[in-house]
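Q: task: produce atomic coordinates for the following.
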Amino acid sequence: MEPERFLSTLTSVILALALFLVVLVFVQVGWDKVAGGSLFGMYFGMALGVAVFVFVVWKGPGVLRRGLDHLRSRLPEPIYSCLAIGVSGALATGTFMAFAILLLGHTRPMGWELDRILPWMAIAFLVCLVCGLPLGMQRRHDRNSRVT
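A: Numbering: from 1, shown residues only. A predicted model of the protein is given here:
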């Protein structure tokens, strides 16, 4: 599988999971304010969240792949690979941390707070940025060897 296809699919699933959480929380909070805390709000929020998840996973990779292709044509190769992998890694880290914190609720371990997500996302971005460098260098070498 080519890296752009993998990154677009992974990022699409990550964004879909994040949107699922946002839809679920907003519908549940809104339903609690309007209807006074029935379980129907949670079920409706989950159904709407699943619909958003399916739509984003279904349509997202194509849109993201076109965006990645446009970005690749504008940036030189090592920078493009570093940025693409760095952003995907940061999004994955932040989304999975938020999902775990919200899923565990009050039973989560000490120190698992929402305000710690951004620093961990920054660390993941930097680590993935460095990990994308060998891929970018290899792709540049492959492209240069094909040209000559």
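Q: just say helix, strand or coil for G132.
A: Three-state assignment for G132 (DSSP: H, G, I helix; E, B strand; the rest coil): helix.
Q: identify the residues contacting stretch 59-73?
A: By CB atoms under 8 Å, 6 or more residues apart in numbering, the list of residues contacting stretch 59-73 from outside reads E4, R5, L7, S8, T9, T11, S12, L15, A16, Y80, L83, A84. For every residue, glycine as well, the C-beta is placed using N, CA and C.
Q: okay, these in JSON lines with pLDDT, distance to F53 and neighbour count next?
A: Listed next are the contacts of stretch 59-73 as JSON lines, based on pLDDT from 0 to 100; distance: CB to CB, whole Å; neighbours: other CB atoms under 10 Å:
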{"residue": "E4", "pLDDT": "70", "distance to F53": "22", "neighbour count": "19"}
{"residue": "R5", "pLDDT": "78", "distance to F53": "20", "neighbour count": "13"}
{"residue": "L7", "pLDDT": "77", "distance to F53": "19", "neighbour count": "22"}
{"residue": "S8", "pLDDT": "78", "distance to F53": "16", "neighbour count": "23"}
{"residue": "T9", "pLDDT": "82", "distance to F53": "14", "neighbour count": "16"}
{"residue": "T11", "pLDDT": "81", "distance to F53": "14", "neighbour count": "22"}
{"residue": "S12", "pLDDT": "85", "distance to F53": "10", "neighbour count": "20"}
{"residue": "L15", "pLDDT": "83", "distance to F53": "10", "neighbour count": "17"}
{"residue": "A16", "pLDDT": "86", "distance to F53": "4", "neighbour count": "22"}
{"residue": "Y80", "pLDDT": "85", "distance to F53": "28", "neighbour count": "21"}
{"residue": "L83", "pLDDT": "87", "distance to F53": "26", "neighbour count": "17"}
{"residue": "A84", "pLDDT": "85", "distance to F53": "23", "neighbour count": "26"}
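Q: in helices, which of those residues fall?
A: Using DSSP state H to define helices, the subset of the contacts of stretch 59-73 located there is E4, R5, L7, S8, T9, T11, S12, L15, A16, Y80, L83, A84.
Q: which regions of this protein lie under the pLDDT threshold?
A: By pLDDT under 70, the low-scoring segments of the chain are 1, 3, 37-38, 147-148.
Q: rerun that using 90 as the cut-off
A: Regions of the chain meeting the criterion pLDDT under 90 cover residues 1-115, 128-129, 131-148.
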